[in-house]
Structure formats: structure tokens, C-alpha cells
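[1] sequence? don't have it. structure:
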DNA sequence: CCGATTCATGAGAAATTCTCATGACATTTC
DNA sequence: GAAATGTCATGAGAATTTCTCATGAATCGG
């Protein structure tokens, strides 16, 4: 059973107050609100009974706000305006014009190619804010499941019915060596030879590469971890070791000629990158960004 | 017939969003809002249908706001908080603790004695703002009828069923003369003798006094209008003429001895001041101020 | 003083919003 | 992995709210 309780102010009351205060009569307010005058009269009576005090003075045929009415009018303006703004924002949200896109790659890779795509994306979705989240609790996929993330770029595809995945682009991981390194001449290098090298590697990718090599039974002589790609390349260029780096991340340095990139001799180290999203309805701009990445896989060319 | 229309956001929806966002589940929210879980489930479904998009992600047994939900949550906080503030203010308004008291005397008289009463009034009604309105369209009584005024102090009582009136205090209007004036010695002066005098008078009271004298067939030799009581007194003290002034307004200058006050010889000029208010319910602090004035009629003594 | 306009009111219809009784699904526990 | 527990979803129908319609009463202006 539903108990009739001292229900508070309703939107309907605020609309009434504003319309009557602005038009000066119940009749005109009724027309504006598309109801009968009688309905508003009942509404007003109910409101005044609830409040226990008059909201309008009945001055002949005019309705003049009491002090109570004046305070209600102020509330009405504020509340109804906020609801109007909310309506607008929600419309833009569902049209995908407004929103937030929380993105992570779980490693440093996006820092290289994402900035190149942003101008094109922002041109199409000017009011969508892209937030690149570097640090997350647990794995990338957990964050997606917790809805703390809208999009993850990962080299692995998840086996989880709650997550959707689609391929973005393939890339080859090169071995970067000093130009005078023997492998530089022949253009490839057996992975096993890494055992004789010092491997210099980016901190954020260490785990991935280390386990990748371990699965092949390869243990580099020494692993040095640096947090800056440029520094890694300088070390390699100085002959202090070799590194593993995705082709498009390395391209800058290869063009400079200070290091050489060689493939793994057995077969190239290919990595397949995927866009992973939570299953279910997503803002359409998420799909738009994924499509933008797919159609403009990382290169150093400008994006149309 | 009532047409089912795309009604917008309701308070009820905002309460739902806030409660669910804060508690994390529909069930807990239902308990907080004192309805069944089923009711909230229906409400939420209806809201999502209206908006055309999900408000919460159903993540296992947790409800996580979507971007739409997040925007709604922001609106909910703002709107519900404003409604709470409104409730508070309305409660204080009807308790008379908060409000506005628009007061006018239609002439300058209140400037003399009202300030003396204000500290006592403000101590009892700290959040009531007194506004002294000097200029009004039409008469004082018209302003009351139009509800532009809460209280008028007038020497006349209105004959209008829409207005209430109650006596405040009586006062005598003195004739102020130069200490060497012949009337100063005997303490009174026939009104008729004003015909031989230059009457110096305050602009705001000119009309009242002039018609008062005319009704008695008295026309002063000359009338000079000044807008500052102090200036009027200085003129009288310089022997340039005489003036009419309420006793309590004149007391300051009488004490200084620079002018003398005498009564009308026929009988003292008594004026009966009244508090006039619009009929109907009034904030109780209006009555409080009237009572304060009645129990502390104008003197120059401090008010308890 | 009459006609036009306005707010108020009562009765009953219409629409909304709830509760109750379940079902379906996920998570935790043993 | 089955049972126990807790969650949201759903359909039907009751309870409540809120409206419309048909008037009455009061005010205003010529």
C-alpha cells in the first residue's frame, strides 16, 4: 500500500510558479503550459496547502507573488534552467557530440601515434574530451570491465564475453642495433643471438618482451631498463646494446641513420593490435576513433 | 482528455539517480527512498526509455553510471540541493525569521525615529531586511494595495476594506520660532499669526501642512521650501522665519536652545500616526515591528 | 449595471506510479 | 558444482495523483 506522504516540491509546481509570475494570470499560464486553467488552480491550491502559506496574492484579477512566491520563483528559475541545460547536454551526449573518451594502451605506444590522429578526431568531435589514462588498477581488461575505461589498445585480444575486440593494425617489432653491428649488414638476426647482447628496453614494455623471449628460451645477457625512447636509441647508437622497438616507433631514428633495424631471422616478430571495448552500447565517437585508427594505421605521414 | 506527452525530467528521476549512484544498487536506493525495489526498477526503465539511452551500466550486481548517468547525477545534486535550500528558506520565511519588510512613511518623518528602533528589531529578526522606500508611484495606500509595500506609517487612516490600520502614537506639531520671537515668551501662538510670517518648511511635508493651514483659512506671508531639517532650523535660528515640526523631530534643536517651540494657541496641533498594512496574512515580523513602534513611541531615549 | 474576464470548486475520468508476486541471472559459500 | 543468497526485470492490477469538464463567484471597465 502506498502511503500518502508530505511530498515535496515538484517540477510541476515550479513551472506553475514561473508561468504565473511571468504572465500574471492563471489563465495565461495555463495556456503556456498546455493545460486547463482549472488544472493550475488545483495545482496551486495543493502547493499552498503543502507549504501552509500563500504563494500568490489574489489582487483582483492579478496574481502577485508573496514573499514565499518570490523565493519559489528564484528556485524555479534555477532548477528549470538547470534542467534545460541538462536536456541539451544529454541530447549532445547521445548524439556523440559531447562526452569523454577514456583511453589507455597499457604501455607507452599510444604516445607515438595517437597525437597525430587527434586533430582529425577533434575536428569531428570538438566537444569530446580524450583522456589518456596511463596508470590503472590491475589490467587494462579489468579497467574496461569496471567501466573505468572506454577503449583499450592492446596487442592481445581478451577472451571475455563482456569485452569486444576488433583488429586495428599489424606491426613488426624490429631489433635495433648499432650500424656497425654484424646483423646490420645482412638485415636480419636470429633471436637466439640476443643471448649475447645487452637488451635495453623501455620500462613499460619490459614485462611483455621479457616473457615473450622467455617463451622462446632466450635470456639476454643483461637487461637495462630506461624510461625514455630517445635515451634507449642513444644507448644503442653508442654501441652499448640492442633494443626491441615497434617499426613505426623506430622510424624516426632509422631515418636519421644512427641505428639500424633488423628483423628476427626466423620470421618477423609481428604484433597484432586490437581495439578492446566494453560490450554494450558505447558513445558513437568511440567507434569513430577506432575507425580513424584503422583507416590511418601508424606511419609518420600526415593524416587527412 | 489528457494527452500522454514526452514529459521531461522529474524530481523523482533525479532522486533515483542520486540514490542509486550513491548506494550502488537499486535495492539500497529503494530502501533509502522508502519505496520498493520494483518501483525504482520501473522508474529507471521509464527514464531510460524517455532519454533513449542507458543511465546505468548493469555490471553484475552493481549499477555504474553511464556518461548520461553522470550528467544526470550532476543535475540531480544541483537541483536537489537547491530544493533543499528552498525548503529551508520557506520554513524560515513562514516562521518570520527570514524576509523583507518594505516600509514607507510617505514623508521624511521615519528617518528620525526609525533608526533608533532598528537595532532592537534586527536583534529579534536578524535575517529580515528592512527596506525604507522613499519614492513610490501614486499614494502610499495605492502602493499597499499593489503589494509593493508591507507597512505604511501615515497620519491619516485609509477608508478601504483592503487595508488594515492601527494607531501607533500621537504627536504634537510645534511651531518653531527664534528665541527672541514674542511668542517664545508666552509659549504659544495663535495660528492666525502665521499669516505675518515667512514659513520655512520641509519639501516632503509641504503639501500636508499647506492644505492643513488652508483649511483653517491661514496663508503665510511667504513659504520657503528646504530639503534638510538642519537647514530649516538654522534659518529659524537666524530669525528668517518660522517652521512647523513634530515635537520629537524638533527635540534635538530645542535642547540646544537655538530655537524655541510653541504650541498653537487655540489647541495643540495633534497628529495621530497609524500603521497601515494590506489586509490578509502578513509575515509576523510586520506585526512585531508595529508593536515595537507602539511600545516605543518616538523619543530621544534609548530603546530597550 | 452589464458583459467580459478571472479564479475557485466539485465530480468524475484518465493517467501515472506504486506494490505484489514472480522470474532470471550472477556471486558467494560450502 | 550445487545450494544459498542477493540483485535487477517484468507483468498485472491496485492506489493515487492529476487532469478535464461544467459551473459558480468575484472583479473590472465602459
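    Right, received. Where do you want to start? Remember, predicted model here, so these are calculated numbers, not experimental data.

[2] Going by C-alpha atoms from here, please, whenever you check contacts or count neighbours.
    Noted.

[3] could you pull out the strands for chain A?
    With strands called from DSSP state E, chain A shows them at A:56-59, A:62-65, A:98-104, A:127-132, A:151-154, A:163-177, A:188-189, A:198-202, A:222-226, A:243-246, A:260-264, A:269-278.

[4] closest to residue A:21 out of these?
    Closest to residue A:21 of the strands of chain A, according to C-alpha to C-alpha: strand A:62-65, at 6.7 Å.

[5] Strand partners (parallel or antiparallel) of that closest one?
    Here strand A:62-65 is paired, per DSSP bridges, with strand A:56-59 (antiparallel).

[6] right, so of the strands of chain A, which gets closest to residue B:261?
    strand A:56-59 (45.7 Å).

[7] Give me the distance from the closest one to the chain's centre.
    Offset of strand A:56-59 from its chain centre (C-alpha atoms, centre = their mean, to the nearest Å): 54 Å.

[8] what is the rounded mean pLDDT of that strand?
    Averaged across strand A:56-59, the pLDDT comes to 88.

[9] Need the residues that contact it.
    Defining contact as C-alpha atoms under 8 Å, 6 or more residues apart in numbering or on different chains, one finds that strand A:56-59 is touched by A:63-66, A:69, B:145-146.

[10] just these that are near DNA strand C?
    residue A:63 (C-alpha under 7 Å from any atom of the strand).

[11] Please identify which pair of the contacts of strand A:56-59 lies farthest apart.
    Top of the distance list for the contacts of strand A:56-59 (C-alpha to C-alpha): A:69 and B:145, 17.3 Å.

[12] In JSON lines: the strands of chain A, plus distance to residue B:29.
    Formatted as JSON lines, the entries for these read as follows, by distance: least, C-alpha to C-alpha, whole Å:
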{"stretch": "strand A:56-59", "distance to residue B:29": "36"}
{"stretch": "strand A:62-65", "distance to residue B:29": "37"}
{"stretch": "strand A:98-104", "distance to residue B:29": "27"}
{"stretch": "strand A:127-132", "distance to residue B:29": "31"}
{"stretch": "strand A:151-154", "distance to residue B:29": "30"}
{"stretch": "strand A:163-177", "distance to residue B:29": "28"}
{"stretch": "strand A:188-189", "distance to residue B:29": "63"}
{"stretch": "strand A:198-202", "distance to residue B:29": "47"}
{"stretch": "strand A:222-226", "distance to residue B:29": "50"}
{"stretch": "strand A:243-246", "distance to residue B:29": "50"}
{"stretch": "strand A:260-264", "distance to residue B:29": "59"}
{"stretch": "strand A:269-278", "distance to residue B:29": "26"}
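
[13] And the contacts of strand A:56-59, which of them are buried?
    Buried by 16 or more other C-alpha atoms under 10 Å in any protein chain shown: A:63-66, A:69, B:145, out of those.

[14] Tell me the one of those nearest residue B:49?
    The closest of the buried ones among the contacts of strand A:56-59, once distances to residue B:49 are taken by C-alpha to C-alpha, is residue A:69, at 34.3 Å.

[15] so the closest one touches residue A:51, yeah?
    No. The pair residue A:69 and residue A:51 does not pass the contact test of C-alpha atoms under 8 Å, sitting 10.6 Å apart.

[16] residues touching residue A:11, list them.
    Neighbours of residue A:11 in contact, by C-alpha under 8 Å, 6+ apart: A:80, B:10-11.

[17] Of all the residues in stretch A:195-209, which ones are buried?
    Neighbour-count burial for stretch A:195-209 flags A:197-202, A:204-206 (criterion: 16+ other C-alpha under 10 Å).

[18] Make CSV out of the contacts of strand A:56-59 and add pLDDT.
    Shown next, in CSV, are these (pLDDT from 0 to 100):
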residue, pLDDT
A:63, 91
A:64, 90
A:65, 92
A:66, 91
A:69, 93
B:145, 84
B:146, 81
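
[19] Going by distance to DNA strand C, which of the contacts of strand A:56-59 wins?
    Nearest to DNA strand C out of these is residue A:63 (C-alpha to the nearest atom of the strand; 6.0 Å).

[20] Look at residue A:34 and say how many residues are nearby.
    By other C-alpha atoms under 10 Å in any protein chain shown, 9 other residues sit near residue A:34.

[21] Apologies, that question was intended for residue A:117.
    Neighbour tally, residue A:117, other C-alpha under 10 Å: 18.

[22] Same check on residue A:182?
    For residue A:182, the count of nearby residues is 12 (other C-alpha under 10 Å).

[23] Next one: it from DNA strand C, what distance?
    Using C-alpha to the nearest atom of the strand, to the nearest Å, residue A:182 is found at 54 Å from DNA strand C.

[24] Repeat that for residue A:85.
    Using C-alpha to the nearest atom of the strand, we find residue A:85 at a distance of 21 Å from DNA strand C.

[25] Please name the residues that touch that residue.
    With contacts defined as C-alpha under 8 Å, 6+ apart, residue A:85 has no neighbours.

[26] hey, which helix is longest across chain A?
    Ranked by residue count under DSSP state H, the longest helix found in chain A is helix A:67-95.

[27] Give the buried residues for that one.
    Going by neighbour count (16+ other C-alpha under 10 Å), the buried part of helix A:67-95 is A:67-73, A:75-76, A:78-80, A:82-83, A:86-87, A:89-91, A:93-94.

[28] one step back: could you export the contacts of residue A:11 to CSV, including columns for distance to DNA strand C and pLDDT?
    Below are these laid out as CSV (distance: C-alpha to the nearest atom of the strand, whole Å; pLDDT from 0 to 100):
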residue, distance to DNA strand C, pLDDT
A:80, 17, 95
B:10, 7, 94
B:11, 9, 95
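
[29] Go through those residues and name the one nearest residue B:279.
    The closest of the contacts of residue A:11, once distances to residue B:279 are taken by C-alpha to C-alpha, is residue A:80, at 33.1 Å.

[30] give the contact list for that closest one.
    Per C-alpha under 8 Å, 6+ apart, neighbours of residue A:80: A:11, A:14-15.

[31] which residues of the stretch 201-304 of chain A score low on pLDDT?
    A:204, A:299-304 (pLDDT under 70).

[32] Now it against DNA strand C: closest residue?
    Counting by C-alpha to the nearest atom of the strand, the stretch 201-304 of chain A gets nearest DNA strand C through residue A:279, at 12.6 Å.

[33] how near is that residue to residue B:58?
    Distance of residue A:279 to residue B:58, computed by C-alpha to C-alpha, to the nearest Å: 11 Å.

[34] what do those two both touch?
    Common neighbours of residue A:279 and residue B:58 (C-alpha under 8 Å, 6+ apart) do not exist.

[35] Can you give the domain ranges for chain A?
    A:11-95, A:99-168+A:273-295, A:170-270 (automatic domain parsing).
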